[in-house]
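Peer 1: how would this look folded up:
(chains A and B)
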Amino acid sequence: TQLLEQSPQFLSIQEGENLTVYCNSSSVFSSLQWYRQEPGEGPVLLVTVVTGGEVKKLKRLTFQFGDARKDSSLHITAAQPGDTGLYLCAGPDTGRRALTFGSGTRLQVQP
Amino acid sequence: NAGVMQNPRHLVRRRGQEARLRCSPMKGHSHVYWYRQLPEEGLKFMVYLQKENIIDESGMPKERFSAEFPKEGPSILRIQQVVRGDSAAYFCASSPTGGASYEQYFGPGTRLTVT
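Peer 2: Predicted coordinates for the structure are as follows:
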């Protein structure tokens, strides 16, 4: 089973600050997906990255897939309280559709 | 466009009872996945189904757990003779038949509490 490690585990910042969270593996993934999960709800798909080196932007969120497709990062510019939540990266195991999830980064943005 | 639907949202069962969790995939999606999220733990894959077929059940416990996705109706995850350790959030996801079939969209989950 391929493993995904996310860092940091917890992050508490003030509104307006920038932040980056990381998702790393020793294995190559064909794609990686980022989700945000709020308490009592299911994960919501934010983005999928497929090509090594790919950068995708979603408003103030920038996602990057590493050249070797073993890691990914999520950068948030000028964080807002609405960005608070659990950020999860996930990728399919080789040759399978089952997603392996990282343990997540719990972000809290203070107003 | 309705998203993935799960019911019930909350389910309380006594030890030894059966739990039935239902999932209706998004329109146009024929792939269904079940995941379990234990308290303070990450999401773990359980089973992947297509209509009338179990494709991958490598993450499902061998005993007491079963899943189906019949030709008509929702996918069902069944847990027989529940124990306290089964208390968790169970999420269903679905993915499209073609195109970006690797993208999985999740429902709101069923929170099972075993007393």
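Peer 1: now do the residue nearest to A:Gly16 when sequence neighbours are not counted against chain B, distance only.
Peer 2: Spatial nearest neighbour of A:Gly16, chain neighbours left out: A:Ala78 (5.5 Å); criterion: C-beta to C-beta, 6 or more residues apart in numbering or on different chains. The C-beta positions use only the backbone N, C-alpha and C, and glycine is treated the same way. Separation of A:Ala78 from chain B (C-beta to the nearest C-beta, to the nearest Å): 27 Å.
Peer 1: B:Tyr33 looks like it's in a strand, true?
Peer 2: Yes: the assignment for B:Tyr33 is a strand, going by DSSP: H, G, I helix; E, B strand; the rest coil.
Peer 1: helix or strand: which one has A:Leu11?
Peer 2: Using DSSP states H and E, A:Leu11 maps to strand A:10-14.
Peer 1: show me the contact partners of that strand.
Peer 2: Outside of strand A:10-14, the residues within contact range by C-beta atoms under 8 Å, 6 or more residues apart in numbering or on different chains are A:19, A:21, A:79, A:105-110.
Peer 1: and the furthest pair within those residues?
Peer 2: Farthest apart among the contacts of strand A:10-14 by C-beta to C-beta are A:Val21 and A:Gln110. That separation is 17.0 Å.
Peer 1: which one of those two has more residues nearby?
Peer 2: Set A:Val21 next to A:Gln110 and count neighbours by other C-beta atoms under 10 Å in any protein chain shown: A:Val21 wins out with 22 against 11.
Peer 1: could you report the pLDDT at the closest residue to that one other than its chain neighbours?
Peer 2: Distances taken as C-beta to C-beta, 6+ apart put A:Thr105 closest to A:Val21, at 4.3 Å, once the chain neighbours are dropped. pLDDT, A:Thr105: 96.
Peer 1: A:Tyr87 and A:Ser73 touch, don't they?
Peer 2: No: with contact defined as C-beta atoms under 8 Å, A:Tyr87 does not reach A:Ser73; the gap is 11.0 Å.
Peer 1: neighbour count winner among those two?
Peer 2: A:Tyr87 (23 against 17).
Peer 1: so which bits of chain B are right by chain A?
Peer 2: B:4, B:6, B:31, B:33, B:35, B:41-45, B:48, B:55-56, B:58-59, B:91, B:93, B:95, B:100-109, B:111 (C-beta under 8 Å from any C-beta of the partner chain).
Peer 1: ok, of these, which come out buried?
Peer 2: Neighbour counting by 16 or more other C-beta atoms under 10 Å in any protein chain shown classes B:4, B:6, B:31, B:33, B:35, B:42-45, B:48, B:56, B:59, B:91, B:93, B:95, B:102-109, B:111 among these as buried.
Peer 1: those in strands, which ones?
Peer 2: B:6, B:31, B:33, B:35, B:43-45, B:48, B:56, B:91, B:93, B:95, B:105-106, B:111 (DSSP state E).
Peer 1: max pairwise distance over these: which two?
Peer 2: The distance between the two most remote of those (C-beta to C-beta) is 24.6 Å, for B:Asp56 and B:Arg111.
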